[in-house]
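In: Quick check, what structure comes out for this input:
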Amino acid sequence: MTEFAWKKIGLGTDIPLRGARRLCFGHEGHPIAIFRTGANTYFALIDECPHRAGPLSEGIIAGETVTCPLHNWVIELDSGKAAAPDEGHTRALPVRFEDGEIYVGLPVRETV
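Out: All right, here's what the predicted structure looks like:
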């Protein structure tokens, strides 16, 4: 089971409906973005398209997907998987929403 360190991002209202924000910190050298759907659901992904590392945070959100602005790959926000016929994925991170604030879960490395 993966353990997470929860990092507070800010207010949910800071992210517009059907919008995204790249965070000022990343995970293991990769940028992170938080996405908000039109249904007011929040998701977090490593902000790199699996095709050519395009900035997904600059893409168009439709339903629970984001379309990469570089080559139009459609990425599922809940899993980070590319929609068929494309193949690949970016890492999805857990998100918590409490008292109007967003938290992203960063995996804690196990020490041996």
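
In: use CA for all of it now, contacts and neighbours both
Out: OK.

In: buried stuff in the least confident helix or strand in the chain by mean pLDDT?
Out: Within the chain, judged by mean pLDDT, DSSP states H and E, the helix or strand with the poorest mean is strand 19-27; its value is a mean of 92. Across strand 19-27, burial judged by 16 or more other CA atoms under 10 Å covers 19-22.

In: Check stretch 40-56 too.
Out: Buried residues in stretch 40-56 (16+ other CA under 10 Å): 42-51, 54-56.

In: so which of those residues comes closest to E98?
Out: Nearest to E98 among the buried residues of stretch 40-56, counting by CA to CA, is Y42 at 11.7 Å.

In: contacting residues for the nearest residue to the closest one once chain neighbours are set aside?
Out: In space, and not counting its chain neighbours, Y42 is closest to R36: 4.6 Å by CA to CA, 6 or more residues apart in numbering. By CA atoms under 8 Å, 6 or more residues apart in numbering, the contact list for R36 reads 15-20, 42-43.

In: hmm, try it at 6 Å
Out: Applying CA atoms under 6 Å, 6 or more residues apart in numbering, we find R36 in contact with 17-19, 42.

In: same question, G88
Out: 50, 82.

In: So it versus T41, what's the distance?
Out: 23 Å (CA to CA, to the nearest Å).

In: before we move on, back to that, could I get the buried residues of strand 19-27 as JSON lines with distance to L106?
Out: Formatted as JSON lines, the buried residues of strand 19-27 follow (distance: CA to CA, whole Å):
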{"residue": "G19", "distance to L106": "21"}
{"residue": "A20", "distance to L106": "18"}
{"residue": "R21", "distance to L106": "17"}
{"residue": "R22", "distance to L106": "15"}
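
In: can you give me the strands for the chain?
Out: 4-11, 19-27, 30-36, 42-46, 60-62, 65-67, 74-76, 92-93, 95-98, 101-107 (DSSP state E).
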